[in-house]
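Student: Just the structure for this:
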Amino acid sequence: MITRMRFIILTAFLLGSMLPAFADTDSLIVKGRINNLNGRLYRQAPFITFSRNNVLQPQSELTKQADLQPDGSFRVSLPILFPQEEVYLDYGGKAFTTFLGSPGTVEITFDGDSIGRAKKLFYFAGVNADANNQYPLYLAAENQRLATSRTFGTDFFRSFWEKSPSDARFSAEGRGELRLGSVKAATQNTVASPVLYQWAKAITDEEQLQLLYEHALSNQYQVSRSLLDSLKRLEKAPLTGQRVIWANRFGNYADLMVEGKKFDNPSRTNSLPVKLMASLIRDNAKNLSAEDRHHLDQINANGLAEKGELDFMNKLFARNEMVLNLLFNFERESRIYGDLFDSTATEFLKVRYLAKNLYKYTYPQQLQLNSHIQSRAGIPQFKQSLDEIVKLEVKDSTDIRKLVEFKNARTEPVEALPGYFLTASNDRGNTWFNGVLDGLKGKTVYIAKWNIEDAKSREELDFLPALQARLPEDIVFLFLHLSTDDYTVPDALLRQYIVRHRLKGIHMSVNENQAMDLLFRLNPLDLATFSIVRPNGKFAAKNATSPRETEKTAQALIEASRQ
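Tutor: The predicted structure is shown next:
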């Protein structure tokens with residue numbers, strides 16, 4: 001593990017040297033006005049939130065707020081990576097809409113007095129205006145058609161997962177045709193926007209693809225050639241929320257295929273071509289002499305001429321093991337991608353490699369690997385999508401550094417950063433936990449049992465900031481990070497993750513012996529399980545709903561606080 005001092009120095013250096021490489025992107029200007037904006041409405045919601053997707057991460061925080069002016073006007077600029085992207089407007093939880101953005105300007109107007117009452121609230125001008133104005137009509141027609149069709153609507157999922165692959169494809173196609181037919185149904189009295197049709201077709205086609213990949217995952221079979229060929233559309237516009245879901249399902253399927261390939265052919269998947277290793281060492285190792293570089297150039301051109309050259313490479317590798325291991329592991333995985341999938345899918349999986357593994361790396365490692373992947377990837381939208389995620393990771397570097405450096409954790413929780421409390425103890429698990437809980441008497445407590453290496457834990461905790469935003473500030477979140485022999489992680493990485501993912505509350509890192517002591521007190525003690533404690537210290541629910549069920553969990557916590 002990197003020492004803390006090296007972590008800090010490398011982070012400062014790499015932030016300065018690598019961040020300017022991020023590519024410029026196109027912009028969408030969103031402007032407009034809320035008509036009849038009264039003082040009460042302005043005080044309740046003084047800004048509008050706009051959100052976008054990132055093809056690599058379903059839970060990315062790609063949002064911007066547009067402050068409202070006294071006359072109800074607003075203006076904001078959003079980056080656009082694809083020629084067309086879905087954008088989501090949320091006005092203080094009171095009014096929502098989806099629209100299609102492109103480089104250029106969209107103008108939106110709606111009436112403050114009509115919120116919650118008008119059948120059509122939002123009016124669009126500018127880019128994609130016809131499609132955006134017709135989209136609510138399409139959604140209404142689609143909901144009606146799905147509600148009146150048992151086969152492709154209300155009962156569709158009742159038997160879908162048990163169908164054969166060919167029957168599943170037939171059913172998914174039928175559902176897609178029903179949904180796409182909603183465009184014609186919605187525009188009987190007007191001319192349907194071609195952009196709306198293409199937008200709706202992208203959504204319905206990619207729901208089909210999502211369903212078929214989920215069917216393959218559920219029933220453990222390899223997908224058809226035609227389904228693999230569909231991956232070429234990953235780089236095409238429009239980028240929708242449905243595209244992100246489908247891409248995520250494909251990524252899950254690819255992970256299984258990669259693991260199978262590693263098992264079937266370990267000699268190939270654990271090795272790299274000698275010429276590639278020579279170039280990686282030459283381009284990334286530190287303190288190489290001119291003679292070393294010349295020797296590596298010869299190996300890169302001609303391969304190994306004698307055994308001594310392998311010893312030479314091993315010696316250079318050992319001197320730069322941390323960085324080279326990072327890059328060699330990526331290249332091994334990338335080689336498998338190329339064996340299994342076409343070029344578009346391989347390009348997507350290359351950039352996804354870092355996006356799905358960010359939690360494993362320190363900031364210097366994230367930046368080093370991102371720089372390397374950018375040099376190895378070719379599709380601009382994918383490269384920019386990875387850049388966007390890395391920017392989100394590095395923006396919290398100051399707070400991360402403070403939390404990593406914090407050394408004054410005690411048995412009683414200590415605030416290391418505003419909103420972030422650390423506690424540490426060698427006591428028995430019950431003694432430590434009960435002491436922390438006794439200090440929280442009079443408050444409702446939501447307990448999260450998790451581990452950073454556990455995918456389900458990470459997925460659930462991604463919803464936690466949204467849950468906290470819906471609750472009174474006096475509800476306390478207590479995080480129990482459960483370490484075992486299988487799930488051990490450096491403290492610096494854990495603290496980095498806590499700040500990056502806004503896990504505000506009290507953090508206990510529990511070792512295996514302490515966890516065993518807590519087994520009966522906190523049963524179930526499985527990862528990604530949750531509990532609620534009333535203000536009197538009694539459990540309201542030992543197996544409570546998760547952050548993913550945001551509304552249900554928020555209501556349960558509010559009810560517990562009243563008991």
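Student: Spell out the residue ranges of the strands in the stretch 151-300 of the chain.
Tutor: Counting by DSSP state E, counting those that start in this stretch, the stretch 151-300 of the chain has no strands to list.
Student: OK, contacts around the residue nearest to residue 541 when sequence neighbours are not counted?
Tutor: Counting by Cβ to Cβ, 6 or more residues apart in numbering, the nearest residue to residue 541 once its immediate chain neighbours are dropped is residue 532, at 4.6 Å. Where C-beta positions appear, they are placed from N, C-alpha and C, glycine not excepted. Applying Cβ atoms under 8 Å, 6 or more residues apart in numbering, we find residue 532 in contact with 444-447, 539-541, 544, 556-557, 560.
Student: okay, the residues you listed in a markdown table with neighbour count, secondary structure and distance to residue 410 next?
Tutor: Listed next are these as a markdown table, based on neighbours: other Cβ atoms under 10 Å; DSSP: H, G, I helix; E, B strand; the rest coil; distance: Cβ to Cβ, whole Å:
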| residue | neighbour count | secondary structure | distance to residue 410 |
| --- | --- | --- | --- |
| 444 | 24 | coil | 24 |
| 445 | 25 | strand | 19 |
| 446 | 27 | strand | 22 |
| 447 | 24 | strand | 20 |
| 539 | 16 | strand | 26 |
| 540 | 20 | strand | 28 |
| 541 | 17 | strand | 29 |
| 544 | 21 | strand | 28 |
| 556 | 19 | helix | 31 |
| 557 | 23 | helix | 27 |
| 560 | 21 | helix | 28 |
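Student: out of those, who's nearest residue 222?
Tutor: Closest approach between the contacts of residue 532 and residue 222, by Cβ to Cβ: residue 544, at 38.7 Å.
Student: Kindly provide the distance from that closest one to residue 530.
Tutor: Noted for residue 544: a distance of 5 Å to residue 530, by Cβ to Cβ, to the nearest Å.
Student: for residue 110, same thing?
Tutor: On the measure of Cβ to Cβ, residue 110 and residue 530 end up 38 Å apart.
Student: The stretch 101-250 of the chain: helices as residue ranges?
Tutor: Secondary structure of the stretch 101-250 of the chain, counting by DSSP state H, counting those that start in this stretch: helices at 129-147, 156-159, 165-186, 194-219, 225-229, 241-264.
Student: Out of those helices, the one nearest residue 306 is which?
Tutor: It is, among the helices of the stretch 101-250 of the chain and with distance given as Cβ to Cβ, helix 241-264, at 30.8 Å.
Student: residues of the closest one that come out buried?
Tutor: 241-251, 253-254, 257-258, 261 (16 or more other Cβ atoms under 10 Å).
Student: which helices and strands sit right next to that helix?
Tutor: helix 194-219, helix 321-340, helix 343-357 (3 or more Cβ pairs under 8 Å, 6 or more residues apart in numbering; DSSP states H and E).
Student: I'd like the distance from it to the chain centre, please.
Tutor: 15 Å (Cα atoms, centre = their mean, to the nearest Å).
Student: Averaged pLDDT, it. What do you get?
Tutor: For helix 241-264, the mean per-residue pLDDT is 93.
Student: Run the angle between that helix and helix 343-357 for me.
Tutor: 90 degrees (axes from the mean of the first three to the mean of the last three Cα atoms, to 10 degrees).
Student: if we can go back for a sec, using CSV, please lay out the helices of the stretch 101-250 of the chain together with distance to residue 55.
Tutor: CSV is the format used below for the helices of the stretch 101-250 of the chain (distance: least, Cβ to Cβ, whole Å):
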stretch, distance to residue 55
helix 129-147, 21
helix 156-159, 25
helix 165-186, 21
helix 194-219, 11
helix 225-229, 18
helix 241-264, 5
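Student: Lowest mean pLDDT across the ones you listed, which one is that?
Tutor: Confidence, taken as mean pLDDT, is least for helix 225-229 of these (a mean of 88).
Student: CA atoms only for that helix - export them in PDB, please.
Tutor: Extracted in PDB, the C-alpha atoms of helix 225-229 (Å, rounded to 0.1, in the frame of the first residue of the first chain):
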ATOM      1  CA  ARG A 225     -24.700 -13.400 -33.000                       C
ATOM      2  CA  SER A 226     -27.400 -10.800 -33.800                       C
ATOM      3  CA  LEU A 227     -27.500  -9.700 -30.200                       C
ATOM      4  CA  LEU A 228     -23.700  -9.300 -30.200                       C
ATOM      5  CA  ASP A 229     -23.900  -7.300 -33.500                       C
END
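Student: circling back to that earlier point, tell me the one of the contacts of residue 532 nearest residue 433?
Tutor: The nearest member of the contacts of residue 532 to residue 433, counting by Cβ to Cβ, is residue 447 at 9.3 Å.
Student: Give me the distance between the closest one and residue 82.
Tutor: 41 Å.
Student: likewise residue 562?
Tutor: 47 Å.
Student: same thing with residue 152?
Tutor: Taking Cβ to Cβ, one finds residue 152 at 29 Å from residue 82.
Student: who's more crowded, these two?
Tutor: Taking neighbours as other Cβ atoms under 10 Å, residue 152 and residue 82 compare with residue 82 leading, 24 against 18.
Student: State whether the more buried one is indeed within a helix.
Tutor: No. Residue 82 is assigned coil when assessed by DSSP: H, G, I helix; E, B strand; the rest coil, not a helix.
Student: nearest residue to it other than its sequence neighbours?
Tutor: residue 239 (4.1 Å).
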